[in-house]
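Trainee: build me a model from this:
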Amino acid sequence: MNNLKRLMPVLLLLLAQSAVAADATPVTLGVVAEREVVTVDADGNQVTTLERVTSAAPGETIVYTINYANDGAEPAENVTITDPVPPETAYIGGSAFGAGADLVASADGGLTYAAPAALRVPGADGELRPARPDEITHLRWTLRNPVAPGGRGFVRFKATVR
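Mentor: Sure, this is the predicted structure:
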């Protein structure tokens, strides 16, 4: 139960703060938190599936999937999806995915964005240094192509519970 209490703010924060921008076409979002489960099939092959998270402990990896859908009658142009990395988690570097999307990230609470490798933060000496993945606060995907009416897709990232 304590782990569920720890996870609930993570889920609620994502549900409340995921944002989408599109040029005047209604695009809706849905966020799902899951964990990877590895099993072995009858042929001895490892199979990885995702199952919804009902609790999580520090050190566990959560897979966040942000599903999007164009509910309008026209193509959705210039779709941008911005999602915070919950402060109770640490982004796992290189795990962000979005087919047909360009990714940028923020390490300053969403004030500025750049490619993850280009992010800089002040070090202990006051000099700028490369941001570590666990310092990333927001992820932003910009879809390269319009989303057709009725079209759907998703973007995804992984984070470790602190």
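Trainee: just checking: what are the partner strands of the longest strand seen in the chain?
Mentor: If you go by DSSP state E, the chain has its longest strand at strand 27-40. Within its sheet, and counting by DSSP bridges, strand 27-40 is paired with strand 46-52 (antiparallel), strand 61-70 (antiparallel).
Trainee: looking at the ones you listed, which is buried most?
Mentor: strand 61-70 (a mean of 20; mean count of other C-beta atoms under 10 Å). Backbone N, C-alpha and C define where each C-beta goes, glycine included.
Trainee: isn't residue 129 right next to residue 135, touching?
Mentor: No. Contact criterion C-beta atoms under 8 Å: residue 129 and residue 135 do not qualify, at 10.0 Å.
Trainee: which one of the two is surrounded by more residues?
Mentor: residue 135 (16 against 12; other C-beta atoms under 10 Å).
Trainee: now for that one: which residues touch it?
Mentor: Residues in contact with residue 135 (C-beta atoms under 8 Å, 6 or more residues apart in numbering) are 107, 119, 121.
Trainee: recalculate using a threshold of 7 Å.
Mentor: 107, 121 (C-beta atoms under 7 Å, 6 or more residues apart in numbering).
Trainee: before we move on, what about residue 114?
Mentor: residue 104.
Trainee: what bridges to it?
Mentor: residue 105.
Trainee: rewinding a little: now do the shared contacts for residue 129 and residue 135.
Mentor: With C-beta under 7 Å, 6+ apart, residue 129 and residue 135 have common neighbours residue 121.
Trainee: give me the low-pLDDT residue ranges for this structure?
Mentor: Residues of the chain meeting the criterion pLDDT under 70: 1-17, 22-24.
Trainee: tell me where it has strands.
Mentor: Using DSSP E, strands in the chain cover 19-21, 27-40, 46-52, 61-70, 80-84, 89-91, 101-106, 120-122, 128-130, 138-143, 152-161.
Trainee: one step back: of the strands paired with strand 27-40, which is nearest residue 31?
Mentor: Smallest distance to residue 31 across these (C-beta to C-beta): 5.4 Å, for strand 61-70.
Trainee: who's in contact with the closest one?
Mentor: 14, 18, 20, 25, 27-36, 50, 53, 56, 76, 81, 83, 89, 92, 147-161.
Trainee: can you flag the buried ones in the residues you listed?
Mentor: Buried members of those, scored by 16 or more other C-beta atoms under 10 Å, are 14, 18, 20, 25, 27, 29, 31-35, 53, 56, 76, 81, 83, 89, 92, 147, 151, 153-161.
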